[in-house]
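Visitor: Kindly generate the corresponding structure for this input.
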Amino acid sequence: MSLKYIDNARKILCIGRNYAAHIKELNSAKPQQPFFFLKPSSSVLKPNSGPFLVPRGTIVHHEVELAFTLNRELKNLPDSFSAQEALDCIDGYALSIDMTARNVQDEAKRKGLPWSIGKGFDTFLPVSAFIPKEKIPDPYDVELKLTINGDVKQQDRSDLMIFPIHKILSYMSNIMTLEKGDLILTGTPKGVGPIVAGDKIEATLSVGGEVIEKIEIEAETKPGYYEYKET
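Guide: Predicted coordinates for the structure are as follows:
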């Protein structure tokens, strides 16, 4: 199982609001430009590395996503950067779940505070093993699926992305230098919902009806004294 890709990621960048139905279910506004945030490397949960941890007092939502890593540095790419040029910059792919403490994030949004905490708890980024590029010839021909205790919660195709990868890379690279090895998450489809301690979560990434990678985790209560309280 190849996991070196996640150890080499200098940054983890996550596109938000990149599927229209997900925007609607959260009552959010559709962005005019790609919108992204960062997750800390300490939030990564590698395969077979233990349970997903639910902090006390939080309402945690799952967001299954297609991720990819870069094989080169990218800086100030032109707006004309093409889809093929973007594919040439991809080293490989991964399945990921961007976990969100929704009530923590919502309070921060209401008060104009940073919401890094809501995205950055330990284990809040379960990832799969590395997926070689040749296994996903077209990143817009991927099916993402997530189940909780056997019930399907999210299941959609990656061709529903609002901002394609070449637009994401062009925009990001004009804000901050994208470095070789950076991990980029491309957004989640509709169906996000709660995870509680005791839940069994399975996410899969399929191409042509064949499951290429999966994530299997169980949720437990996070140790330590932290309990969400209003800031």
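
Visitor: CA only for contacts and neighbour counts going forward, please
Guide: Fine.

Visitor: Dump the host helix or strand of residue 202 to PDB, keeping only the CA atoms.
Guide: Using DSSP states H and E, residue 202 maps to strand 200-207. Below are the C-alpha coordinates for strand 200-207, written out as PDB (Å, rounded to 0.1, in the frame of the first residue of the first chain):
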ATOM      1  CA  LYS A 200     -19.100   2.300  10.400                       C
ATOM      2  CA  ILE A 201     -18.100   4.400   7.300                       C
ATOM      3  CA  GLU A 202     -17.200   3.100   3.900                       C
ATOM      4  CA  ALA A 203     -16.200   5.200   1.000                       C
ATOM      5  CA  THR A 204     -15.400   4.000  -2.500                       C
ATOM      6  CA  LEU A 205     -14.000   5.400  -5.700                       C
ATOM      7  CA  SER A 206     -15.100   3.600  -8.900                       C
ATOM      8  CA  VAL A 207     -14.200   3.800 -12.600                       C
END
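
Visitor: wait, isn't residue 207 in contact with residue 143?
Guide: Yes: between residue 207 and residue 143 there is a contact at 6.5 Å, judged by CA atoms under 8 Å.

Visitor: As PDB, could you dump the C-alpha coordinates of stretch 163-176?
Guide: C-alpha atoms of stretch 163-176 as PDB (Å, rounded to 0.1, in the frame of the first residue of the first chain):
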ATOM      1  CA  PHE A 163     -14.900  24.200 -11.500                       C
ATOM      2  CA  PRO A 164     -12.800  21.700 -13.500                       C
ATOM      3  CA  ILE A 165      -9.200  20.900 -12.400                       C
ATOM      4  CA  HIS A 166      -7.500  23.200 -14.900                       C
ATOM      5  CA  LYS A 167      -9.500  26.200 -13.500                       C
ATOM      6  CA  ILE A 168      -8.800  25.200 -10.000                       C
ATOM      7  CA  LEU A 169      -5.000  25.000 -10.600                       C
ATOM      8  CA  SER A 170      -4.900  28.200 -12.500                       C
ATOM      9  CA  TYR A 171      -6.700  30.200  -9.800                       C
ATOM     10  CA  MET A 172      -4.900  28.600  -6.900                       C
ATOM     11  CA  SER A 173      -1.500  29.100  -8.400                       C
ATOM     12  CA  ASN A 174      -2.100  32.800  -8.700                       C
ATOM     13  CA  ILE A 175      -2.700  33.000  -5.000                       C
ATOM     14  CA  MET A 176       0.000  30.700  -3.600                       C
END
